[in-house]
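Colleague: Sequence first, predicted model second:
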Amino acid sequence: MSGFTEANVPNQSGKVFIVTGANTGIGFEISRVLAERGARVLLACRDQVKADAAMAQIRQATPHANLAFLPLDQADLANVRAAAELAAKEPRIDALINNAGVMTPPLMRTKQNFELQFGVNHLGTFAFTSLLLPKLARTGGARVVVTSSIAHKGAKIEWDDLDANKGYNRFERYAASKFANALFFFELDRRLRAAESQVTAAGCHPGMAATDLGRYMGAFQILNPLVRVVLNSAAKGAWPALQAATGQIKPGGYYGPTQFGGVRGASGEASRSAEAQDPALARRLWDVSVAMTGIDPGLPPLS
């Protein structure tokens, strides 16, 4: 379906969603809409104070919203494991919406000493998703949504320097992490279908939206007021994720804004690079991710 907005999100009563990075920006808007539609929403965030404030704000409009805080720091794989164990205690999980990420910080590292953007945006997403797959599989029709970016196009992964020990360009590393997101959901979908799993994997991107994600952009942040007027708000940037999580979609599909070259407007099927659909690259990333995280999703490669 093209032209998807939050008005197209159906009733979600009885369903449980996990939204990572849910206390602000697009993650907050995703959570708000799902709560309005009757879902139980777990806001997976690092900071409980911020998560509590987000939940209070949602309850101002939806007083009986079914919300809970799930402590999750994707920069620490031990914390990711703990969060997955806690989430697995839910009676069901209908969708995991991987929204959390960081963008263009100075060179920083995760708890396990990975370059922060690759570590949080991809490895943290890979690990959390992998650990929750058994739980998702027990809910018929469950979905995994992975957030990529238009920045994935033209990006490349520095296979010989994943930890940025030889050099660091924060914009190139961000693009590479989003390229990794695109390769991940592509390969995850292929393996799920080969295993005849009832879990569906899909990807999305928000176009260009005014959020806190660009907090490290320095002078570029002056563009944010213009972005809010001309391009997507955070609320509109949430539409592709909402479509991927609740709409009529294709397994392995990719969804994003359909106007102005894919940077604004209602959601529909989005374009991605040929490299993001390269089986050899996707399998290589999968194997590297298993090795780096020590977490194996248990889905065999395609023959």
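Modeller: Great, that's in hand.

Colleague: Pull up the pairing partners for the helix or strand hosting residue 43, direction included.
Modeller: Assessed by DSSP states H and E, residue 43 sits inside strand 40-45. If you go by DSSP bridges, strand 40-45 pairs up with strand 16-20 (parallel), strand 66-71 (parallel).

Colleague: winner for burial among those strands?
Modeller: Neighbour counts (mean count of other C-beta atoms under 10 Å) averaged over each of those peak at strand 16-20, with a mean of 27. All C-beta atoms are positioned from the backbone trio N, CA, C, and that covers glycine.

Colleague: Need the contact partners of the helix or strand just after that one.
Modeller: Proceeding N to C from strand 16-20, the next assigned helix or strand is helix 25-36, under DSSP H and E. Helix 25-36 is touched from outside by 6, 9, 12, 17, 19-22, 41, 43, 54, 57-58, 61-62, 65-67, 97, 99-100, 206, 209, 211-213, 234-235, 237-238, 241-242, 245-246, with contacts defined as C-beta atoms under 8 Å, 6 or more residues apart in numbering.

Colleague: Mind checking which of those residues land in helices?
Modeller: 54, 57, 58, 61, 234, 235, 237, 241, 242, 245, 246 (DSSP state H).

Colleague: Ignoring the adjacent residues along the chain, who's closest to the last one?
Modeller: This points to residue 246. Distances taken as C-beta to C-beta, 6 or more residues apart in numbering place residue 9 nearest to residue 246, at 5.1 Å, with adjacent residues excluded.

Colleague: Tell me the spacing between that neighbour and residue 132.
Modeller: 22 Å (C-beta to C-beta, to the nearest Å).

Colleague: rewinding a little: now do the strand holding residue 43, average pLDDT.
Modeller: In this model, strand 40-45 has an average pLDDT of 98.

Colleague: hey, where'd the helices end up in the stretch 101-250 of the chain?
Modeller: When secondary structure is read from DSSP state H, counting those that start in this stretch, the stretch 101-250 of the chain shows helices at 116-117, 125-137, 170-194, 224-230, 234-237, 239-246.

Colleague: Any stretches of the protein with poor pLDDT?
Modeller: Scanning the chain with the threshold set as pLDDT under 70 gives 1, 210-231, 261, 303.

Colleague: Before I go, just wanted to say thanks for your time.
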